[in-house]
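J.: How does the following fold in three dimensions:
(one chain, ligands or ions: 2)
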Amino acid sequence: MDNNFIERINKLKQERNAVIVAHMYQNDEVQAVADMVGDSYALSKYCTNRPESTIVFCGVDFMAESAKILSPEKTVLIPVADAGCPMADMITAEQLREFKKQYPGYAVATYINSSAAVKAESDVIVTSSNALKVIRGMEEKNIIFGPDRNLGSFIAKQCPEKNIVLWDGFCPTHHKIKKEDVLEIKEKYPNAELLVHPECTPDVTELADYAGSTKGIIDYATASESKEFIIGTEVGVMYQLKKNNPDKKFYIMSCELVCHNMKKTTLESIVNCLEKGEHKIYVPDEVAKKAKKALDRMLELGK
Ligand code: 13P
Ligand code: SF4
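T.: Ligands and ions are numbered 1, 2, ... in the order given. Coordinates of the predicted model:
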């Protein structure tokens, strides 16, 4: 059955002149069929340089929206229309406009996990892999950061020269990782390094040997001399970790570390997406223009 889907995907991809990209939290079979698998930053950059006229984005909506904003001339399709990010939904453009009024003169740095309308209200966008570089590179000292308070405080600690005000959002999946459980699993695997995503709470991130983006976690594990790792992020990263490091052992912090929105994409939904040309991402021109400015500034400062 899967082989049948894979054949159809490969055939339809040619017919539609499409490239398939997948985030590292996608189901294993989706990652296997994609032309490129990456973190939010790598994927947004990759999509800007593709010759194909259609991008099939296997991820959640803010990622596909970012691809559309950066490549407005392309058709960007998302296989599942309601694959969203609960953290991105924790701030609206209206809420951000009100918040900005409380902090006149502050620059707004927004996590890529946000809607296009929120990006349009921002001065610069960051991802977990470039946030430190981008924030350090900003000339402004006073910064509003949202929606993720955990990534924000992780960055703020490393940038004492900046005055960062945080929005109170978080990722429900990464919030399932508790300090007590981390201490317990560290005792069980004393030789393992702990690698976490900065969307984890600060008490968890502080215990880690490395905190970084999904790609950062994979690169760290691949380069490390250690043979065992405890992984504190969404379970999807295990696919690339094991594929790239067959001789190393990986222990996921908990089997509950599942982002259900990321798991909505299946091979069948990719076939439907390519066959019907659904679901097309639209971003209103005015919003796209402003959001692109903030994304372009990220690409510039994150270089
Ligand atoms: P990355 O930027 O590491 O891909 O993370 C995106 C994300 O949604 C993490 O929860
Ligand atoms: Fe959003 Fe968390 Fe899912 Fe990432 S893992 S897409 S932040 S809900």
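J.: Let me know the secondary structure of residue 199.
T.: coil (DSSP: H, G, I helix; E, B strand; the rest coil).
J.: How much space separates it from ligand 2?
T.: To ligand 2, residue 199 is 6 Å away according to C-beta to the nearest ligand atom, to the nearest Å. For every residue, glycine as well, the C-beta is placed using N, CA and C.
J.: For ligand 1, tell me whether the least confident helix or strand in the chain by mean pLDDT is touching it.
T.: Every helix and strand in the chain was compared by mean pLDDT, DSSP states H and E; the lowest is helix 40-48, with a mean of 91. Yes: against ligand 1, helix 40-48 shows contacts by C-beta under 6 Å from any ligand atom at residue 40.
J.: how distant is that helix from the center of its chain?
T.: Counting by C-alpha atoms, centre = their mean, to the nearest Å, helix 40-48 is centred 10 Å from the centre of its parent chain.
J.: who in this protein is up against ligand 1?
T.: So far as C-beta under 6 Å from any ligand atom goes, the chain lies against ligand 1 at 39, 40, 113, 127, 128, 129, 171, 197, 199, 213, 214.
J.: farthest pair in the residues you listed?
T.: Maximum pairwise distance among the residues of the chain next to ligand 1 (C-beta to C-beta): 15.6 Å, between 129 and 171.
J.: buried ones in the least confident helix or strand of the chain?
T.: 40, 41, 42, 43, 44, 45, 46, 47 (16 or more other C-beta atoms under 10 Å).
J.: how much space between the third one and residue 88?
T.: It refers to residue 42. Noted for residue 42: a distance of 19 Å to residue 88, by C-beta to C-beta, to the nearest Å.
J.: what residues are up against the residue of the stretch 101-250 of the chain found nearest ligand 1?
T.: Residue nearest to ligand 1 within the stretch 101-250 of the chain (C-beta to the nearest ligand atom): residue 213, separated by 3.3 Å. Residue 213 is in contact with 39, 40, 41, 127, 128, 129, 197, 198, counting by C-beta atoms under 8 Å, 6 or more residues apart in numbering.
J.: Let me know whether the fourth one touches residue 111 as I believe.
T.: To tie it back to what came earlier, the one meant is residue 127. Yes: using C-beta atoms under 8 Å, residue 127 is in contact with residue 111, at 7.4 Å.
J.: So which of these two has more stuff around it?
T.: Counted by other C-beta atoms under 10 Å, residue 127 and residue 111 do not tie: residue 111 has more neighbours, with 29 against 24.
J.: partners of the nearest residue in space to the more buried one that is not next to it in sequence in the sheet?
T.: Leaving aside its sequence neighbours, residue 111 sits nearest to residue 148 (C-beta to C-beta, 6 or more residues apart in numbering; 5.0 Å). Going by DSSP bridges, residue 148 is paired in beta bridges with residue 169.
J.: what's the pLDDT at residue 1?
T.: The model reports residue 1 with a pLDDT of 56.
J.: if we can go back for a sec, ok, the residue nearest to residue 111 - how many residues close by?
T.: 30.
J.: can you pull the contacts of it?
T.: Contacts of residue 148 (C-beta under 8 Å, 6+ apart): 87, 111, 113, 167, 169, 170, 171, 199.
J.: what separates the spatially most central residue of the chain from ligand 2, distance-wise?
T.: What sits nearest the mean C-alpha location of the chain, by C-alpha atoms, centre = their mean, is residue 40, with 3.9 Å. Using C-beta to the nearest ligand atom, residue 40 is found at 9 Å from ligand 2.
J.: For that residue, which non-adjacent residue is closest in space?
T.: residue 127 (4.6 Å).
J.: OK, contacts around the residue nearest to the centre of the chain?
T.: Residue 40 touches 23, 59, 63, 66, 112, 113, 127, 128, 129, 213, counting by C-beta under 8 Å, 6+ apart.
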